[in-house]
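Chemist: sequence first, predicted model second:
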Amino acid sequence: MSGTRRITYREAVREALREALTRDDRVFLMGEDVGAYGGAYACSLGLLDEFGDDRIRNTPLAESGFTGAGIGAALGGMRPIVEIMTINFSLLALDQIVNNAATIRHMSGGQFSVPLVIRMATGAGRQLAAQHSHSLEGWFAHVPGLRVVAPATVADARGMLWTALQDPDPVVIMEHATLYNEEGDVPEDEDLAVDLDRAAIRRAGDAATIVTYSANLKKALAATDELAGEGIECEIIDLRSLRPLDDQTIMTSIAKTHRAVIVDEGWRSGSLAAEISARIQEQAFYELDAPVERVCSVEVPIPYPQHLEQAAIPQPHAIAAAVRKTLRR
Amino acid sequence: MIQFRMPSLGADMDAGTLVEWYRKPGDQVSHGDIIALVETQKGAIEIEVFNDGTLDRIEVEPGHKVPVGTVLATIREPGEAASTALEPAAAAAPAPEVAPPTAPRPRPTAAPPPPAERVEGRAKVTPVARRRAAEAGIDLAAVAAGPDGVVGLAEVEAARRAAPETGAPAAAPRRIGIDLGEMRKAIAAAMSRSHRDIPHYWVSQTIDVTPLFDWLEAENARRPVASRLLYAAPLAKAMALALKETPQLNGHFVDDAFVPAGAVHLGVATALRGGGLVAPALHEVDTLSLDAVMAGLGDMIPRARSGRLRSSELTDATATLSNLGEGTSDAIMPLIYPPQVAIIGCGAAALRPWVADGVLAVRRVITVTVAGDHRVSDGRSASRFLTRLDALLQAPEAL
Amino acid sequence: MTDADLMDTVMTTFFSVAPDLEGEPVEPEETFRKQFEIDSMDFLNFIIGLSKTTGLEIPEKDYPSLQTPNGAVAYLRARWDKAV
């Protein structure tokens, strides 16, 4: 067993891109300002010099156009990685993603597949206001034909890209914008690829199960630190894959804890949290000792002022309060 | 994975209470095995399984009343891997606190408390608390709620610790039986539906059964008491043979279409003391010997009376026989039990003046009435059936 | 064997074939059919049971003698005396 080294989430994404570009010459990166500027979040900084402008391609500000070009390249045998600056802008490419990428395998009777990877930054917390801060992961997780993953840790950010590129179907990787500066450990192994199928238990406990994903894992961990001081040990599940969902890990945990709190930065109505809550009540109803609690964003466009922005999104104290509520304390 | 669901045991059933599991997860099951006991308006019914495999997981614990169609358990098909969700002991899944499936189940003899004590009211009881209380035989009415008025797992566990030494559940043992009030509701619902939806016709014929009675008397004189025949046995056999030749009277009307039945599973209307009625099916009567018909009736009717029928007996009947032969009434005009399409009623076998071979004689006769469903057949079918039945009953030795 | 013993045998046998009637009051002179609403199947099972417990072969033509509890006791007594 080799050791670990400590890098940032941004460096992990960059290393993963570099590894993919090196290992497979069908791989290329395409997006707004991914070249000389290095991408809006500097994930591809330096890659233009290493791999040249054939493989690190700047695009016009036209999400539908370059996402469609990515689909075409994938159909033509390439392994494109399309970077979309934020999830808000991905809405301009929804027609390509939902109507084309997700459907072509089905509509061609399995004759064509779209091995495309789309990366996008999501989420609030950087005072980028309603134009850049929404959490629409649940929208993508609604669509059959897509696989949607959300690396919450540096190791997952490092490992998920290569696995995603091996998938014959489109994979959307959701990178929360507040994570890029986070530091974390990655193994020093050669092969860092990770699975995309299973949720991970990030902390074990028996008082309640907190189900979350992406940057809210940090907040859930902070909440459980607070609760541990009161003798309440929670289990934290990091979903990792938002579509398909790993029901089994969730239900097994609830069979142990009998309580569930779902933390989702999306708006509550019609959210991924709503879907998970429904599944818990379908599959683990007789295990429940309390109603399922949800901690979601307030149903407003994400505000610009910092105090309002922070008030609008899940926070550790709200998560801890929800856990206490399931414990009837 | 096969989902084993709460069966619908008749047109009128919408829910049932799981009383007992006869098998536990990991046990092999095969087609026809009785694996559970379910309490319904028709008494406690033994539920059969229709697949071969391994019982994988029990989804509904004893004491729970669930709607028809609810998954009661999953059954693994041969070669299929065990599931691990919610079944921590079956795999390495890390969930040590949940009672493993090998934990002692409620004893078979200790029935759960009556559903009425638990389903009524608006007590706030969490699902897992309800389940755990049922498993431990704790009466929820006796469990003190928490300060917020909710009975949760903690309150049930506290109640269990307070009375730990009794091995048997605290609830009073309950006599499995039939609630005649409930059964009357079920009969009313089924017959109202029949009367409303089925365009009935009735055709009657009086049949000379003297040869049958003479033959039976001679036959029974030869037989030891345990193998004697009752009049109902040859009657049922003859009806089954006649039904086999009249397919329009034998089957089910489902989704606006008639589905003829290949076999003849004869429902035998059985009056219960105190005023209930149930018509369990004797299977493939047309293929059975008279002795087998007799043995089948002898086994089934007492079970109907004591409320111990099997699910297939409640669901499989393809036509019903309603026999008033024991009383003094001349004839009956029965109503069809949906989704069947015919019922055959018999009056008492009585001595009457009768013309045979041009001479007036005293003969023993019965009046048989066929109620048929005009969506499927006409009086002509019933008439053909009765003619055939008459002929069969004239030669009982051939049955 | 006293008549009380025979009555006990008769009624124990009867209730074993119709357990749902266990505990009902018994009218010794009333027919089983009337007081317990039994049918020919129950009656046949009763005869089979009686035949088993007593070891007597009971022909169908004797059934009319066995219609009431007292009748059944008298019948068994008569058969018993004849055997001894």
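Modeler: Ah, there it is.
Chemist: so where's chain C uncertain?
Modeler: For chain C, applying pLDDT under 70 flags the ranges C:83-84.
Chemist: so A:Glu293 touches A:Ala320, yeah?
Modeler: No - A:Glu293 is beyond contact range of A:Ala320, at 11.2 Å (criterion: C-beta atoms under 8 Å). From N, CA and C alone the C-beta is placed, and that goes for glycine too.
Chemist: in terms of neighbours, single out the busier of those two.
Modeler: A:Ala320 (25 against 22; other C-beta atoms under 10 Å in any protein chain shown).
Chemist: send the alpha carbons of whichever helix or strand B:Val156 is part of over as PDB?
Modeler: Using DSSP states H and E, B:Val156 sits in helix B:153-162. The C-alpha coordinates for helix B:153-162 follow below in PDB (Å, rounded to 0.1, in the frame of the first residue of the first chain):
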ATOM      1  CA  LEU B 153     -38.800   3.000  19.000                       C
ATOM      2  CA  ALA B 154     -37.400   4.300  22.300                       C
ATOM      3  CA  GLU B 155     -40.800   4.000  24.000                       C
ATOM      4  CA  VAL B 156     -41.400   0.500  22.600                       C
ATOM      5  CA  GLU B 157     -38.000  -0.600  23.700                       C
ATOM      6  CA  ALA B 158     -38.600   0.900  27.200                       C
ATOM      7  CA  ALA B 159     -41.900  -1.000  27.400                       C
ATOM      8  CA  ARG B 160     -40.200  -4.200  26.400                       C
ATOM      9  CA  ARG B 161     -37.500  -3.800  29.000                       C
ATOM     10  CA  ALA B 162     -40.200  -3.100  31.600                       C
END
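Chemist: for that helix, what does the pLDDT average out to?
Modeler: Mean pLDDT, helix B:153-162: 85.
Chemist: and stretch A:177-194, by the same measure?
Modeler: 89.
Chemist: and C:Trp80, how many neighbours?
Modeler: Counted by other C-beta under 10 Å, the residues lying close to C:Trp80 total 13.
Chemist: hmm, the helix or strand hosting B:Ala186 in reach of chain C?
Modeler: For B:Ala186, the host element (DSSP H and E) is helix B:180-197. No - applying C-beta under 8 Å from any C-beta of the partner chain, one finds helix B:180-197 out of contact with chain C, separated by at least 11.0 Å.
Chemist: in that helix, which residues are buried?
Modeler: B:Leu180, B:Met183, B:Ala186, B:Ile187, B:Ala189, B:Ala190, B:Met191, B:Arg193, B:Ser194 (16 or more other C-beta atoms under 10 Å in any protein chain shown).
Chemist: contact partners for A:Arg155?
Modeler: Just so we're on the same page, residue A:155 is Ala rather than Arg. A:Ala12, A:Gly184, A:Asp185, A:Val186, A:Pro187, A:Leu192, A:Val194 (C-beta atoms under 8 Å, 6 or more residues apart in numbering or on different chains).
Chemist: just read off the phi/psi values of the last one.
Modeler: When quoted as degrees, to the nearest 10, the phi and psi of A:Val194 stand at phi -120, psi 160.
Chemist: and it, how many neighbours?
Modeler: Burial of A:Val194 is recorded as 22 neighbouring residues (other C-beta under 10 Å).
Chemist: the nearest residue to it once chain neighbours are set aside sits in which helix or strand?
Modeler: Of all residues not flanking A:Val194 in the chain, A:Gly159 sits nearest, at 3.4 Å (C-beta to C-beta, 6 or more residues apart in numbering or on different chains). A:Gly159 belongs to helix A:154-166 when assigned by DSSP H and E.
Chemist: strands paired with the helix or strand that that helix is followed by, and their directions?
Modeler: Next along the chain after helix A:154-166, taking DSSP H and E as the criterion, comes strand A:171-176. Strand A:171-176 has its sheet partners listed here by DSSP bridges as strand A:117-122 (parallel), strand A:147-149 (parallel).
Chemist: A:Gln166 is nearest to which of those strands?
Modeler: Distance to A:Gln166, taken as C-beta to C-beta, is lowest for strand A:117-122 among these, at 10.0 Å.
Chemist: give me the angle between that closest one and helix A:154-166.
Modeler: 140 degrees (axes from the mean of the first three to the mean of the last three C-alpha atoms, to 10 degrees).
Chemist: what about the helix or strand following strand A:117-122, distance to the chain center?
Modeler: Sequence order places helix A:129-132 as the next helix or strand after strand A:117-122, per DSSP H and E. Chain-centre distance of helix A:129-132: 18 Å, with C-alpha atoms, centre = their mean, to the nearest Å.
Chemist: residues of the helix or strand just after helix A:129-132 that come out buried?
Modeler: Per DSSP H and E, the first helix or strand lying C-terminal to helix A:129-132 is helix A:137-141. The neighbour-count check on helix A:137-141 (16+ other C-beta under 10 Å) flags A:Glu137, A:Gly138, A:Trp139, A:Phe140, A:Ala141 as buried.
Chemist: quick one, domains of chain A?
Modeler: Domains of chain A are assigned by automatic domain parsing as A:4-187, A:200-326.
Chemist: for these, which one sits closest to B:Asp148?
Modeler: domain A:200-326 (10.3 Å).
Chemist: show me which residues of chain C sit near chain B.
Modeler: Residues of chain C that fall close to chain B, judged by C-beta under 8 Å from any C-beta: C:17-21, C:36-42, C:44-45, C:47-48, C:51-52, C:57-61.
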